[in-house]
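Asker: sequence and predicted structure below; questions after.
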Amino acid sequence: MKALLDMPVSALLLEVLKAHGHEGVHAYEIGKSTAADSELLEIARQEGRIVITADLDFPRLLALSMAEGPGLVLFRGGNYSDFEMCELLNKVLQQITVDVLETSIYVVDRKRIRITRLPITRKS
């Protein structure tokens, strides 16, 4: 699996990905530290990457577009230390399969992980 880390998350998460046999890039590394969220989503789609972020705009953009991807890991619920983020991502990667992650939104906080499958559609 490949991941694109958004600016609000620590580049140390790259080491967690690597420990699980995955690879990633941080937005800063690819010159996209000021890119719009929609641009980062498009890059992730084109490169077959999931997005790891703490920015609440990403799920909204996925919902509005009714897109089937990219998958998303969203850290919610306040400020996290680098250590906490690494521990939580490790927990996510231990619990899921790549195919589910690539087509879902994982909302992660200190107490639980919630999963929403993509695309997000309106219920009548």
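Answerer: Nice, thanks for sending it over. Residues are numbered from 1 along each chain as shown.

Asker: going forward, measure contacts between C-alpha atoms and count neighbours the same way
Answerer: Noted.

Asker: quick one: the helices in this structure?
Answerer: Secondary structure of the chain (DSSP state H): helices located at 13-19, 37-47, 57-65, 82-95, 98-101.

Asker: check which helices and strands the first one sits against.
Answerer: With contacts taken as 3 or more C-alpha pairs under 8 Å, 6 or more residues apart in numbering; DSSP states H and E, helix 13-19 sits against strand 23-26, helix 82-95.

Asker: partners of the first one in the sheet?
Answerer: Which is strand 23-26. Each strand that pairs with strand 23-26, with its direction, by DSSP bridges: strand 2-5 (parallel).

Asker: hmm, back to that, looking at the helices of the chain, spot the one closest to T121.
Answerer: Put simply, out of the helices of the chain the one that sits nearest T121 is helix 57-65, at 7.2 Å, with distance taken as C-alpha to C-alpha.

Asker: what packs against the closest one?
Answerer: helix 37-47.
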